[in-house]
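>>> Below are the sequence and a predicted model for it; my questions follow.
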Amino acid sequence: MSWSQAKTACIIAFLFITVSTNAASPTSLSTVALSSSSASFSTSAPAPTISSIRDVTSLVNLFVGTTNGGHTFPGATLPHGMVKAGVDTDSPGNHAGYDGDPQFNATGFSQLHDDGTGGAVPLSLFKLWAFHTCGPLDTFEECQTSIAGRKTLRKVLPNGKPDDAAEPGYFSTNLSTGIRVELTSTRRAALHRYTFPSPVVNPRMVVDITNDGQQSSTDPVMTIDPQTGRVMGGASFAASFGPGRFRAFTCVDFKGDNFQLGAPTEFGAWLGNFPVKQSTNLQQLYFGFRDELGALLTFPPHLGQGSTSILARVGVSFISAEQACSNAEEEIPDFNFNAIRTSANAQWNDLLGRIQVSTTNVDPEVVQLFYSSLYRTHISPADYTGENPKWNSTEPYFDSFYCNWDTYRTLYSIMALHDPEDFARIVRGMINIQQHEGWLPECRGATAQHFIQGGSNGDPILAEFFVKFHEHAAALNVSSSALYTALLADAETQSPNWDLQGRQANIWKTLGYIPSDVWEPSGTNTKQVSRTLEYAFDDFAVSQVAKILGNTSDGAKYAQRAGNFINVWNPRTTVPGNETIVGMMQPRFANGTFNFTDPRHCSVHDPLQSTCFLNAANKDGFYEGSPIVVSEYYVPQDTAKLIELQGGANKFIERLNFIFDQNYFDSTDEPSQQIPFMYHYANRPGLSTQRSRQVIAEFYNTSSNGLPGNDGAMGSYVAFYLAGLYPLPATRQFLLSSPYFPQISFTNPIFGKTTTIKATNFKGNPASGTGGTVFIKSVKIDGIPWKSNCFIEWDAFINGSTIELELTNDITIPCGNGIDALPPSLSTGGYD
Ligand SMILES: *[C@@H]1O[C@H](CO)[C@@H](O)[C@H](O)[C@H]1NC(C)=O
Ligand SMILES: *[C@@H]1O[C@H](CO)[C@@H](O)[C@H](O)[C@H]1NC(C)=O
Ligand SMILES: *[C@@H]1O[C@H](CO)[C@@H](O)[C@H](O)[C@H]1NC(C)=O
Ligand SMILES: *[C@@H]1O[C@H](CO)[C@@H](O)[C@H](O)[C@H]1NC(C)=O
Ligand SMILES: *[C@@H]1O[C@H](CO)[C@@H](O)[C@H](O)[C@H]1NC(C)=O
Ligand SMILES: *[C@@H]1O[C@H](CO)[C@@H](O)[C@H](O)[C@H]1NC(C)=O
Ligand SMILES: *[C@@H]1O[C@H](CO)[C@@H](O)[C@H](O)[C@H]1NC(C)=O
Ligand SMILES: *[C@@H]1O[C@H](CO)[C@@H](O)[C@H](O)[C@H]1NC(C)=O
Ligand SMILES: *[C@@H]1O[C@H](CO)[C@@H](O)[C@H](O)[C@H]1NC(C)=O
Ligand SMILES: *[C@@H]1O[C@H](CO)[C@@H](O)[C@H](O)[C@H]1NC(C)=O
């Protein structure tokens with residue numbers, strides 16, 4: 001069953017009732033809404049304590065974040081699929097093609113997208129379009145083939161939403177022309193179905209070769225086969241967040257759905273709004289003056305009973321148009337729309353269903369928020385294996401990495417829990433890129449290097465894999481020595497352009513920080529403080545791997561470099577107007593003296609209203625975070641030291657509260673992501689539980705405006721917040737809070753084990769995130785009292801343990817009394 005926006009409206013209406021009463025939600029209703037697998041279920045039956053949700057994809061709402069700048073992609077794709085087929089619109093926020101606001105016109109149905117990015121619009125390549133009638137005389141020449149000429153509103157539902165529906169692996173919409181469009185996909189091909197309202201005399205199909213999201217194409221090629229209607233073509237396009245370009249190709253075939261389509265009755269190439277009948281390739285046209293071009297085909301309609309539905313099979317390749325054809329032929333041999341859709345849905349159900357929640361006393365919206373967030377964790381990176389134009393290799397090739405800066409904190413830790421095989425293949429692909437390009441990939445899209453946001457954040461991703469799966473690395477075909485070599489390349493070798501790959505390694509090794517007044521020739525002298533902190537964490541990741549490999553000297557060397565964050569700590573800097581807040585990460589010159597960046601810089605309180613994004617103005621040391629925020633979070637490897645620098649636990653708590661109370665916290669930017677959980681390190685886990693729940697209540701819901709900004713990796717950290725966990729990448733620890741569910745379990749196919757977290761006296765979730773019986777009083781693992789209320793170890797997931805949480809309404813309960821009750825930090829004994 002597909003998830004339509006109409007349904008969203010009614011679930012939310014229902015939620016208003018349950019949320020406002022703030023009582024136990026009616027469990028019978030929630031179980032019905034959640035389609036439990038129990039066949040004997042009825043609204044009057046008592047809810048089961050443990051239910052396995054078989055059809056988890058029915059709980060995924062793909063329209064979350066499709067307005068309000070979320071830039072989410074609600075189209076058809078497989079888990080980590082290369083093809084992401086969806087509708088494109090003329091919205092200024094069409095980074096993923098779609099916009100949930102019906103005032104925006106549909107402009108085409110293209111094959112490749114990203115989810116949740118900023119920058120220039122990525123991909124949106126090879127749009128298809130259908131005409132029911134062209135002009136008063138319905139002639140070929142009258143067809144308005146350009147984007148401006150063909151664009152059309154979607155049908156609008158009585159609730160004011162566009163008539164769109166989607167579920168994992170499937171998307172559909174009704175255009176205001178009455179044409180219904182449905183999309184499904186395999187890894188490298190899409191299958192579209194266009195159903196024309198009757199009567200239709202000349203159903204026509206457009207294949208648009210050049211209009212990507214940016215209209216950046218050059219060097220187009222295209223041929224039309226007059227017998228079969230096959231269109232092959234491609235062009236060169238601009239990358240979205242970097243200086244490079246890439247070539248991409250397509251191959252489109254048509255077939256009647258339940259009728260014999262036959263050869264096209266008319267065909268021709270078009271330029272702008274001028275279709276030229278009988279032309280079969282671009283050499284038969286004058287072009288160069290227009291960058292909009294493609295093919296137009298007229299087919300005979302279905303003359304018997306039933307409507308005219310035309311299937312379009314669209315292969316895509318980054319190698320050649322011939323390979324685009326073979327991809328489509330292999331993956332969608334018989335144009336069976338329902339079989340492809342069912343298979344895509346089954347793959348999503350298998351993957352997402354490895355995490356099961358029990359829903360008793362849980363608002364349905366929370367369950368949907370969880371699975372919708374988990375779903376979006378598996379859109380990028382994308383599996384482009386076989387499509388790397390740069391070198392031949394038998395290793396997997398992944399692309400669409402966003403930037404590792406976006407993902408290293410939480411995305412791969414979710415994969416570690418339930419999707420280690422894909423994680424291993426991504427790691428292999430990253431190592432292979434290092435072997436050919438010299439450094440690990442950082443930002444990458446459409447096979448081109450993009451601009452790095454943080455440090456060499458591929459390092460914690462490789463380390464996250466190795467710390468958690470080193471015993472299975474060989475079985476997963478990950479070479480330990482190649483992995484370590486790749487890490488050392490980042491850590492030790494100066495990059496020819498640290499805007500695109502690697503680090504400013506030489507100066508890092510000599511000074512132990514990135515100075516703000518040294519201009520080296522091969523990258524932008526910017527983000528120096530943020531990069532210092534990132535490099536320190538990256539080196540921590542290297543040290544974690546070195547220790548596992550038994551290389552104790554490297555382990556010690558990189559652990560020491562992980563302490564370099566202290567080199568940019570200026571103990572005397574204060575916040576103007578709040579002078580009791582003392583000590584801040586600050587820009588530092590090569591001679592050791594500090595410069596000053598106002599700690600309010602880039603926050604809502606910045607008197608200069610600066611931004612800290614990648615732009616020419618960003619010269620003062622920080623990236624996507626004010627110094628006050630960056631100084632709080634950026635030492636996940638040694639928070640104990642940060643607390644010491646800030647003057648002790650009470651002072652640390654005061655600063656955390658200050659960040660929230662004064663609105664410095666910014667849920668849309670990565671440096672804020674861990675901050676709600678930081679109270680754990682001050683032995684006040686209840687405050688983290690409450691804060692993280694308040695953040696969810698304030699910023700995240702299942703409405704189309706339910707994300708506060710570009711999705712990026714938000715899905716993964718929202719899923720963690722709801723699971724009551726927060727990962728520390730490249731370590732064996734997860735910070736622990738209470739889940740939003742009485743029970744949540746994770747099945748890991750590599751270990752063949754299921755790990756269950758149970759809240760034994762779960763009483764529901766407070767709607768505002770404040771208060772409630774949600775604080776952890778004690779923890780037992782496999783029946784044995786556990787040393788801490790604040791973190792659990794990876795061992796519990798290897799063992800397939802049962803973790804029992806006893807909850808209380810007392811927010812003051814500490815992590816525990818033993819010295820090992822606090823989560824680890826380098827300066828208090830480290831992570832061994
Ligand atoms: C949608 O297209 C129509 C017709 O071209 C146009 O009038 C309208 O302004 C477009 N909507 C938006 C939001 O651009
Ligand atoms: C579109 O119209 C068809 C036929 O009327 C209907 O079955 C479908 O639910 C509508 N909505 C979408 C999003 O497909
Ligand atoms: C990969 O191998 C194919 C077949 O041998 C060859 O045509 C192609 O040029 C190779 N690609 C690269 C980038 O080396
Ligand atoms: C590892 O490589 C071997 C040999 O190429 C292959 O048979 C096996 O399927 C691979 N395993 C995984 C998990 O990729
Ligand atoms: C540790 O790794 C370094 C390379 O960083 C290497 O030179 C050294 O031999 C290794 N030591 C051990 C004990 O493996
Ligand atoms: C910080 O300064 C603001 C603005 O003057 C003030 O409202 C707030 O109370 C101060 N907070 C602290 C903790 O000093
Ligand atoms: C350190 O370097 C900065 C910037 O290059 C300069 O302004 C300052 O005078 C220097 N300080 C000392 C003590 O050399
Ligand atoms: C010190 O910081 C100020 C404010 O950001 C900046 O204008 C100035 O150029 C910096 N000084 C040096 C030597 O980089
Ligand atoms: C959903 O969250 C957004 C902020 O992210 C908020 O503006 C909106 O009001 C929320 N909607 C509902 C129904 O709670
Ligand atoms: C995991 O199992 C091992 C071996 O039985 C045991 O020593 C260890 O304590 C267990 N760890 C956890 C966290 O349950």
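Done, it's in. Here the structure is a predicted model, which is why all the values come from computation and not from measurement. Ligands and ions are numbered 1, 2, ... in the order given.
>>> Who are the contact partners of the residue of the chain found nearest ligand 1?
Distances between the chain and ligand 1 by C-beta to the nearest ligand atom are smallest at Asn105, namely 3.7 Å. Every residue, glycine included, has its C-beta placed from N, CA and C. Shown in contact with Asn105 (C-beta atoms under 8 Å, 6 or more residues apart in numbering): Thr89, Asp90, Lys151, Thr152, Leu153.
>>> Out of these, who's the most crowded?
Neighbour counts for these peak at Thr89, which has 26 neighbours (criterion: other C-beta atoms under 10 Å).
>>> That one against His95, yeah?
No. Judged on C-beta atoms under 8 Å, Thr89 makes no contact with His95 at a distance of 10.8 Å.
>>> thinking again about what came up before, restricting to the contacts of Asn105, which residues neighbour ligand 3?
Among those, none lies close to ligand 3 by the criterion of C-beta under 6 Å from any ligand atom.
>>> Closest one of these to Gln435?
For those, the minimum distance to Gln435 (C-beta to C-beta) is 40.2 Å, reached by Thr89.
>>> How about the closest one, nearest residue that isn't a chain neighbour?
Residue nearest to Thr89 in three dimensions, not counting chain neighbours: Phe104, with 4.2 Å by C-beta to C-beta, 6 or more residues apart in numbering.
>>> sec struct for the one you found, please.
Classification of Phe104 using DSSP: H, G, I helix; E, B strand; the rest coil returns coil.
>>> Secondary structure element holding Asn650?
Element membership for Asn650 (DSSP states H and E) is helix 649-661.
>>> in that helix, what's buried?
Across helix 649-661, burial judged by 16 or more other C-beta atoms under 10 Å covers Ala649, Lys651, Phe652, Ile653, Glu654, Arg655, Leu656, Phe658, Ile659.
>>> what are the ranges of the helices in the stretch 701-832 of the chain?
With helices called from DSSP state H, counting those that start in this stretch, the stretch 701-832 of the chain shows them at 714-723, 795-799.
>>> Minimum distance to ligand 8: which of those has it?
The closest of those to ligand 8 is helix 714-723. By C-beta to the nearest ligand atom, the value is 30.4 Å.
>>> Show me the contact partners of the closest one.
Contacts of helix 714-723 (C-beta under 8 Å, 6+ apart): 65, 116, 355, 366, 369-370, 372-377, 407, 409-411, 413-414, 673, 676, 692-693, 695-696, 700, 707, 726-727, 737, 739-741, 744, 757.
>>> dump the residue contacts of the residue most central in space within the chain.
With distances taken as C-alpha atoms, centre = their mean, Ala713 lies nearest the centre of the chain, 4.1 Å away. Counting by C-beta under 8 Å, 6+ apart, Ala713 touches Thr377, Tyr402, Asp406, Thr407, Arg409, Thr410, Leu411, Glu670.
>>> how about the residues of the protein that lie near ligand 10?
Proximity of the chain to ligand 10 (C-beta under 6 Å from any ligand atom) is limited to residues Ile781, Asp782, Glu793, Asp795, Ala796, Asn799, Ser801.
>>> separation between the residue located most distally from the centre of the chain and His113?
In the chain, the residue that sits farthest from the middle, by C-alpha atoms, centre = their mean, is Leu137; the gap is 46.9 Å. Going from Leu137 to His113 by C-beta to C-beta, to the nearest Å gives 36 Å.
>>> for the lengthiest strand in the chain, packing partners?
For the chain, the longest strand by residue count, based on DSSP state E, is strand 245-256. For strand 245-256, the packing partners by 3 or more C-beta pairs under 8 Å, 6 or more residues apart in numbering; DSSP states H and E come out as strand 204-208, strand 231-238, strand 308-317, helix 321-331.
>>> which residues does whatever residue of the stretch 301-450 of the chain ends up closest to ligand 2 contact?
At 9.5 Å from ligand 2, Ser307 is the closest residue in the stretch 301-450 of the chain, using C-beta to the nearest ligand atom. Residues near Ser307 by C-beta under 8 Å, 6+ apart: Thr195, Phe196, Pro197, Ser198.
>>> ok, back up a step: around the residue nearest to Thr89, count how many other residues there are.
A count of neighbours around Phe104, defined by other C-beta under 10 Å, yields 22.
>>> contacting residues for it?
Applying C-beta under 8 Å, 6+ apart to Phe104 gives the contacts Thr89, Asp90, Ser91, Asn94.
>>> who's in contact with the closest residue to the third one other than its chain neighbours?
The spatial neighbour of Ser91 that comes closest, neighbours along the chain excluded (C-beta to C-beta, 6+ apart), is Asp99 at 3.5 Å. By C-beta under 8 Å, 6+ apart, the residues touching Asp99 are Thr66, Thr67, Thr89, Ser91, Gly93.
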